[in-house]
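Chemist: when you get a sec, could you give me coordinates for this:
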Amino acid sequence: MIKRLISLLFLAWVLGFAWFALLLPLPAAPQKTDAIVVLTGGPGRIDRGLEMLEKGEAKRLLISGVAREVKPRELAAEYERPQALFDCCIALGFEAEDTRSNATEVAAWVARRNYRSIRLITTDWHMRRAQYELGRALGAKVAILPDAVRSHPGFATLFREYHKYLAGLAGGLLGL
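Modeler: This next block holds a predicted model:
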C-alpha cells in the first residue's frame, strides 16, 4: 500500500514537472488593463512593460523589486525612453526582494489606485508562481493577465522553479 502511494506521488510529480517545463506560459495578446506590473529579475521584462505601456495597453506601469539606489532618470536613460514617460506613468517599487514580497508590494499599489485588472509581466518560467502569489495577494476582485517574456531556461532553472511553485501552493493550502 505504501509503495503504491509513493509510486502515485512520484508519477504525479513527474507529470506535473513535465507540464510545468514543456508548456511554459506565452506572451499575451493585445488587451487593455488598468495597469501593467513588471517583476524585476530577468532580461526583457522591463522592455516588454515599456513596450506595452507605449502601445496604450494601460496608462500606468509599476516596476516591482527595483534596487533602492536606482533613480527613474537612470532607467529612462538605460531603456532609451523620455524622462516624461517615467514622470507621468511609471512607478518604481523598492520594497520587494522576492516573489512573495512582489505580490505584497503590487497588491498595496493596486489597492491604492482601485485597479480591477493588471497585466503581469515576468519571465515564462517564473509566471505560474508569480501569478499564483499575486492572485493570493490581490484576491478575486482583480483580474490578472499573464504576459510572459519568452526565454530558454535550463533544466536546473525549471527544476528549482517547479519546486518553489509547489512550495507556494503547499503554503497556500496550509494558510502560510
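Chemist: so, low pLDDT: which residues of the protein?
Modeler: The chain contains residues with pLDDT under 70 at 176.
Chemist: and the strands in it?
Modeler: Read by DSSP state E, the chain holds these strands, from start to end of the chain: 35-39, 60-64, 90-93, 117-123, 143-149.
Chemist: what's near enough to touch Glu105?
Modeler: Shown in contact with Glu105 (Cβ atoms under 8 Å, 6 or more residues apart in numbering): Ser64, Gly65, Gly93, Glu95, Ala96. (Glycine included, C-beta is placed from N, CA and C.)
Chemist: what's the answer for Pro43, then?
Modeler: Val149, Ser151 are the contacts of Pro43 under Cβ under 8 Å, 6+ apart.
Chemist: give me the phi and psi angles of it.
Modeler: As for Pro43, its main-chain torsions (degrees, to the nearest 10) stand at phi -70, psi 140.
Chemist: deepest-packed of the strands of the chain, please.
Modeler: Among the strands of the chain, strand 35-39 has the highest mean neighbour count (mean count of other Cβ atoms under 10 Å), at a mean of 28.
Chemist: sheet partners, orientation included, of that one?
Modeler: Neighbouring strands of strand 35-39 in its sheet, by DSSP bridges, are strand 60-64 (parallel), strand 117-123 (parallel).
Chemist: could you export these as JSON lines, including distance to Ala130?
Modeler: What follows is those, written out as JSON lines (distance: least, Cβ to Cβ, whole Å):
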{"stretch": "strand 60-64", "distance to Ala130": "10"}
{"stretch": "strand 117-123", "distance to Ala130": "5"}
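Chemist: of the ones you listed, which is nearest Gly41?
Modeler: The minimum distance between Gly41 and those falls on strand 117-123, with 7.6 Å, by Cβ to Cβ.
Chemist: centre of the chain to that closest one, how far?
Modeler: 6 Å (Cα atoms, centre = their mean, to the nearest Å).
Chemist: just the CA atoms of it, as PDB, please.
Modeler: Taking Å, rounded to 0.1, in the frame of the first residue of the first chain, the C-alpha atoms of strand 117-123 are listed here in PDB:
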ATOM      1  CA  SER A 117      -7.100  44.500 -13.800                       C
ATOM      2  CA  ILE A 118      -3.400  44.200 -14.300                       C
ATOM      3  CA  ARG A 119      -1.100  42.800 -17.000                       C
ATOM      4  CA  LEU A 120       1.600  40.800 -15.200                       C
ATOM      5  CA  ILE A 121       5.000  40.700 -17.000                       C
ATOM      6  CA  THR A 122       7.700  38.300 -15.900                       C
ATOM      7  CA  THR A 123       9.700  35.500 -17.500                       C
END
